[in-house]
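Colleague: here is a sequence with its predicted model. Questions after.
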Amino acid sequence: MTGLFIAFALFVLLHSMPAIPAIRAGIIGRVGRPVYFAGYSTVSTALLVWLFYETLNTDYIELWEPARWQATATFILAPLGLFLVIAGLISFNPFSVTLRRETGAQGAIVNVTRHPVLWGFAFWALGHVLPNGDLRSLILFGGFAVFALGGIAMAERRARKRLGGDWQGTTKGSAIIPLQALLLRQCRFRIDRPMLIGAIITAVTTLCLLHGGHALLVGTDPIATLQSLG
């Protein structure tokens, strides 16, 4: 289990670096933005592969007996999380994690929540904690969820500081809690291109994972698991 903790610690450390503007700006200033993102993506992927390798090679210690409702929850939370991550990354968002650097109208996903990527990771991770019921999965996916939810508070503070006096006007029609602004009718529901793209990619990816992809990647068939708990 030592390897699992070391891999997870390095993963958290790597993904905490972009939250420190001085470090990020210093690296980009030295190597340039394209090299920075290419290198960051490569190292991040390598760490993620190592992290899952360590998890799969850690002894299985059951904490609770999986139930059908837990596996069913995964079929809801995991695709929802994937959609929020994809739609969030490709939408312009002045408050949180995004790949878009343009200015102008905020993406429609911001009306759902100001932090779609972080909420998406949290939902995806929690969806994988419930049906596994073992210590190594709790450490891995529970750690992901805590890291993502903690990142929401950090992103909110950074955005508030960066926007300053424009904060009140810019945040109108958005909220931290998913769907809060829509349910309170502080904004109108709308769908834009990034949300449509996110929905399509999520649907295709989910179908691929449910029809052999998940079993190929991690050795577990979600549909078979659900049926075994029937």
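Modeller: Perfect, thanks for sending it.
Colleague: so what's residue 23 up against?
Modeller: Applying CB atoms under 8 Å, 6 or more residues apart in numbering to residue 23 gives the contacts residue 17. Using the backbone N, CA and C atoms, a C-beta is placed for each residue, glycine as well.
Colleague: what helix or strand is it on?
Modeller: helix 21-31 (DSSP states H and E).
Colleague: and that helix, average pLDDT?
Modeller: Taken as a whole, helix 21-31 has a mean pLDDT of 77.
Colleague: send me the helix or strand that that helix is followed by as CSV with only the CA atoms.
Modeller: Next helix or strand after helix 21-31 toward the C-terminus (DSSP H and E): helix 33-56. Presented in CSV, the C-alpha positions along helix 33-56 are these (Å, rounded to 0.1, in the frame of the first residue of the first chain):
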residue,chain,number,x,y,z
ARG,A,33,3.0,27.4,-23.2
PRO,A,34,2.9,24.5,-25.8
VAL,A,35,5.8,22.7,-24.2
TYR,A,36,4.4,23.2,-20.7
PHE,A,37,1.0,21.7,-21.6
ALA,A,38,2.5,18.9,-23.5
GLY,A,39,4.9,18.0,-20.7
TYR,A,40,2.2,18.5,-18.0
SER,A,41,-0.2,16.2,-19.9
THR,A,42,2.5,13.5,-20.4
VAL,A,43,3.6,13.5,-16.8
SER,A,44,0.0,13.6,-15.5
THR,A,45,-1.0,10.6,-17.7
ALA,A,46,2.0,8.6,-16.6
LEU,A,47,1.3,9.3,-12.9
LEU,A,48,-2.4,8.3,-13.4
VAL,A,49,-1.4,5.0,-15.0
TRP,A,50,1.1,4.4,-12.2
LEU,A,51,-1.6,5.3,-9.6
PHE,A,52,-4.1,2.8,-11.1
TYR,A,53,-1.4,0.2,-11.4
GLU,A,54,-0.5,0.5,-7.7
THR,A,55,-4.2,0.4,-6.8
LEU,A,56,-4.8,-2.8,-8.7
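Colleague: tell me the helix or strand right after helix 33-56.
Modeller: By DSSP H and E, the next helix or strand past helix 33-56 is helix 68-89.
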